[in-house]
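# Generate a structure from the sequence data that follows.
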Amino acid sequence: MFPSFQSGIFSAQKITSTLNKLTYKLSPSATTQQLDSTYQKTILENGIRIVTEHIPWVHSASLGVWFDAGSRDESKTNSGIAHFLEHMVFKGTKNFSIKEISQSLESVGGYLNAFTTKEQTCFLARMLDEHIEKAIAVIADLVQHATFPEKELVKEKYVVLEELKDAEDDAEDFIHELLEKELFPHHQLGVPVIGTMESVKSFSREKLLAFAKENYIPSKMVIAAAGNLQHETIVELARKYFQAELQTNHFKKRVIPSATTKTSRQTIERPIQQAHLCTGTTAFSVHNRLRYSLLVLHTLLGEGMSSRLFQNIREKYGFAYTVYSFLNFMSDTSTFGVYLGTDANNLDNAEELVWKELEKLAAKPISKQELARTKSQLKGTMMLSLESMSNRMMRLGSDELYFGEQTSLSTITKRIDEVSVESVLETAQKIIDEKKFSTVALRPSEKEIQKL
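From the prediction side, this is the model:
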């Protein structure tokens, strides 16, 4: 039974605390057993990996064709070509025109899209289960038979350049890119996924074909699907539409970024009305034994309204509307840090408060109650996300590329439950060192300040 609250003004903290006590009483075992569905994996003769989850109680499916290739796999002169290639495959193929591609799934209520990250590229579709073959047929043509017409290439350069300008106009996005440049100054991980003005202008049809030939190959490819589908059906459709032969060339070894060893600080004035701060460091890879402890630390520090950063910087002092921590895992590193947006006059005070919270984590063990609340928050968020077929498909594809297998929900919840007060403190002490953090600040220009 839910608690009753008297009418009038009452504490949000009191509500949160009461609901947390209720949450702790929930046992995850029954729920995780229900959410752990049938997972199957097949490796085709040509090396393509197929991973699926059968969810019989829905009428839809989500499908993704993944490649183990992203912006970090580019050369310096080709920065952004993985993202540009992702755009260009939609500009016509051997079997479909631009209009036919755009209408292929939308005409039956579905959805077709793609994205590129630092390490992966994914072409994805969401549709009613009866249209799975259509989705596979279209995506297979996109990644195998794109024609890259010169006329469309010229037009798409303008589109991507506008996308780049749009990203630079968004101070919150732009400051994260600036921080990555500080954290990885001599590595492709420090270059925006979209590339630079100069690199985008240099792209040619020959460069696109060369990158696709090297990276859009069976040994780097995973087909992930979740929803009301049969694994055998996806396997047969993959055999039908993906007919590339096994490649004999080996993976090109990725260059491991060097760890951040010293503090860097950059302050930039821009024609904006709010100041922005991003401070962070490199941390553990997705394979590290402490990754779950780091996930717990990140959650209690800056995820949601109950986090330490939100409660202190926003609720107690009112210095920021937006404040959060971030954690981005990759195959051999990660980035961890804090972002906030505030009035320029409060920037120094807000930054001081951020560091008080960070240093507190490295100096003093968290309470058992806070650890229990954070674990419950993590598990609940994860379980709720798995009600989405798209999220399930994303988990399938990324797990296969990172681990070569699917990590069950029950295993993940077990790993979260194993996180201790001591392991959170150990994690904090390993990564929280002001001498290893880089900081970027965007301040309003004097002209903008005078307007306020």
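
# Okay, and the beta partners of residue 264?
Beta-bridge partners recorded for residue 264 (DSSP bridges): residue 438.

# quick one: it and residue 441 touch, right?
No. Contact between residue 264 and residue 441 fails when scored by Cβ atoms under 8 Å: they sit 11.9 Å apart. Yep, even glycine has a C-beta here, placed from its N, CA and C like the rest.

# give me the beta-bridge partners of the residue most central in space within the chain?
Centroid check for the chain by Cα atoms, centre = their mean gives residue 328 as the closest residue, at 6.7 Å. For residue 328, the beta-bridge partners are residue 335 (DSSP bridges).

# Which pLDDT value does the model give it?
On pLDDT, residue 328 comes in at 98.

# quick one, what contacts it?
Residues in contact with residue 328 (Cβ atoms under 8 Å, 6 or more residues apart in numbering) are 334, 335, 336.

# how much space is there between the second one and residue 283?
Using Cβ to Cβ, to the nearest Å, one gets 7 Å for the distance from residue 335 to residue 283.

# intersection of neighbour lists for the two?
Listed contacts common to residue 335 and residue 283 are residue 327; contacts here mean Cβ under 8 Å, 6+ apart.

# rewinding a little: with neighbour count, distance to residue 406 and pLDDT as extra columns, can I get the contacts of residue 328 in TSV?
What follows is the contacts of residue 328, written out as TSV (neighbours: other Cβ atoms under 10 Å; distance: Cβ to Cβ, whole Å; pLDDT from 0 to 100):
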residue	neighbour count	distance to residue 406	pLDDT
334	22	21	97
335	22	25	97
336	22	26	98
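
# Name the member of these with the shortest distance to residue 161.
Nearest to residue 161 out of the contacts of residue 328 is residue 335 (Cβ to Cβ; 26.1 Å).

# Contacts only, for that closest one.
179, 180, 183, 280, 281, 282, 283, 326, 327, 328.

# Which one of those is nearest to residue 300?
Distance to residue 300 across the contacts of residue 335 (Cβ to Cβ) is lowest for residue 327, with 11.9 Å.

# isn't the closest one right up against residue 334?
Yes. Residue 327 is within contact range of residue 334, at 6.4 Å (criterion: Cβ under 8 Å).

# Need the residues touching each of the two.
Common contact partners of residue 327 and residue 334 (Cβ under 8 Å, 6+ apart): 283, 294.

# Just the pLDDT for residue 26.
Note on residue 26: pLDDT of 36.

# Between residue 264 and residue 441, which is the more surrounded one?
Per other Cβ atoms under 10 Å, whichever of residue 264 and residue 441 has more neighbours is residue 441, with 20 against 14.

# I'd assumed that one was in a strand, is it?
Yes. Assessed by DSSP: H, G, I helix; E, B strand; the rest coil, residue 441 belongs to a strand.
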